[in-house]
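Asker: Quick one: sequence plus predicted model below, questions after.
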Amino acid sequence: MIEVKLKKKLFTFELNVDLTIQGNDFVSIFGPSGAGKTTILRLIAGLDKPDSGYICVDGKVWYSSKDNIDLPVRLRKIGFVFQDYALFENMSVAKNVEFALESKKDSGYVDELLELVNLREYKNEKISLLSGGQKQRLALIRALARKPKVLLLDEPMSALDWSLRATLQDELLFLQKKFNITAIMVSHEISEVAKLSDYIFVIKNGKITKHGKPQAIFDIDTNNVNIFGTVIDKKASDLLGILKVLIGNSIVYIPTNKNQFSNLSIGDKILITTKAFNFSTKKIILD
Ligand SMILES: Nc1ncnc2c1ncn2[C@@H]1O[C@H](COP(=O)(O)OP(=O)(O)OP(=O)(O)O)[C@@H](O)[C@H]1O
């Protein structure tokens with residue numbers, strides 16, 4: 001179990017959060033830009049100092065302002081994956097992983113890790129030869145190499161296109177379960193958060209406003225088909241309103257009644273539901 005209580009005065013508000021995270025859960029911190037999400041990850045990692053607080057991971061206190069405990073970054077068992085990969089560009093693929101290990105000679109283990117993310121044949125190549133998805137897989141496996149207790153993921157997919165994102169989300173879940181590790185992810189992307197998370201903390205202006213399982217947070221009824229999207233435009237007609245909604249990388253027009261229409265604004269995240277099996281499908285024939 002991970003207990004995190006943190007207070008820190010930020011520029012325009014005070015971050016004041018209290019999170020209890022069950023071991024081996026995949027947890028997301030979800031909220032608008034500037035809410036304090038990255039700051040929480042940095043405080044857990046020891047990259048920033050809180051004004052006061054307490055961080056305890058599986059019974060070991062990493063930080064306690066009351067007891068004057070402040071474990072240095074290298075002694076906190078974390079793996080950190082950033083949006084921009086943060087790989088060492090001048091080192092080979094294998095050296096990037098070796099760098100994260102305590103014992104530099106364990107090339108068998110490095111090969112095993114690279115195999116897990118299909119990068120073994122690239123082991124002697126320079127980072128510049130890798131695609132965005134391969135770089136993020138490498139960053140992920142490097143973060144897991146020392147078998148940390150907590151994997152911190154800061155918008156890990158945001159530099160990737162949608163089809164790649166879906167594959168990497170599956171791989172991320174596979175690795176998190178395989179390594180039996182607690183993951184804490186920061187993401188803006190509602191469908192990503194709903195798909196990956198066992199538990200979600202919603203944050204606004206440095207405070208947790210809601211927390212719970214995805215079904216409860218997003219009011220998901222599993223008897224329905226549920227699709228997440230963002231309203232990007234709206235047009236009213238006499239009888240109904242038409243919402244232009246971005247779903248993944250597709251744009252979909254959705255007719256709604258006047259009441260729903262007037263309650264929604266451009267930029268709102270929405271959950272589109274329809275009773276299961278109420279769809280009709282048509283094959284697209286191109287030749
Ligand atoms: N060390 C610091 N001291 C004071 N204020 C800070 C510090 N670090 C960040 N902030 C401020 O705290 C606020 C929250 O920043 P943070 O990066 O945690 O937000 P975020 O929710 O991750 O945003 P985004 O989703 O845009 O990345 C911002 O206004 C930022 O300027």
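Answerer: Nice, thanks for sending it over. Owing to the predicted nature of the structure, the values given are computational and were not obtained by experimental measurement.
Asker: I figured Met91 hits Asn124, correct?
Answerer: No: taking Cβ atoms under 8 Å as the definition, Met91 is not a contact partner of Asn124, at 10.8 Å. For the C-beta atoms, the positions are set from N, CA and C on the backbone; glycine is no exception.
Asker: Who has more neighbours out of the two?
Answerer: Shown here are Met91 and Asn124; by other Cβ atoms under 10 Å, Met91 has more neighbours (14 against 9).
Asker: Just the buried positions in the helix or strand containing Val4, please.
Answerer: Under the criterion of DSSP states H and E, Val4 resides in strand 2-9. Neighbour counts over strand 2-9 (16 or more other Cβ atoms under 10 Å) mark 2, 4-8 as buried.
Asker: Same question for stretch 51-62.
Answerer: For stretch 51-62, a neighbour-count test (16+ other Cβ under 10 Å) marks 53-57, 62 as buried.
Asker: Mind putting the residues you listed into TSV with pLDDT and secondary structure?
Answerer: Formatted as TSV, the buried residues of stretch 51-62 follow (pLDDT from 0 to 100; DSSP: H, G, I helix; E, B strand; the rest coil):
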residue	pLDDT	secondary structure
Gly53	96	strand
Tyr54	97	strand
Ile55	97	strand
Cys56	96	strand
Val57	95	strand
Trp62	97	strand
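Asker: Closest to the ligand out of those residues?
Answerer: Taking Cβ to the nearest ligand atom as the measure, the ligand sits nearest to Gly53 out of the buried residues of stretch 51-62, at 14.3 Å.
Asker: dump the residue contacts of the closest one.
Answerer: 4-8, 43, 63-65 (Cβ atoms under 8 Å, 6 or more residues apart in numbering).
Asker: beta partners for it?
Answerer: Per DSSP bridges, the residues bridged to Gly53 are Leu6.
Asker: Tell me how far it lies from Leu15.
Answerer: 10 Å (Cβ to Cβ, to the nearest Å).
Asker: Need the overlap of contacts for those two.
Answerer: Counting by Cβ under 8 Å, 6+ apart, the contacts common to Gly53 and Leu15 are 6-8.
Asker: quick check, nearest of these to the ligand?
Answerer: When the shared contacts of Gly53 and Leu15 are compared against the ligand (criterion: Cβ to the nearest ligand atom), the nearest one is Lys8, at 7.2 Å.
Asker: So that closest one sits against Tyr63, correct?
Answerer: No: taking contacts as Cβ under 8 Å, Lys8 lies outside contact range of Tyr63: 11.7 Å.
Asker: Residues in contact with both of those two, list them for me.
Answerer: Between them, Lys8 and Tyr63 share the contacting residues 50, 53, judged by Cβ under 8 Å, 6+ apart.
Asker: Test my guess that Ser191 contacts Thr230.
Answerer: No: with contact defined as Cβ under 8 Å, Ser191 does not reach Thr230; the gap is 9.7 Å.
Asker: Which of those two has more residues huddled nearby?
Answerer: Taking other Cβ under 10 Å, Ser191 and Thr230 do not tie; Ser191 has more neighbours (22 against 16).
Asker: Many thanks, I have nothing further to ask.
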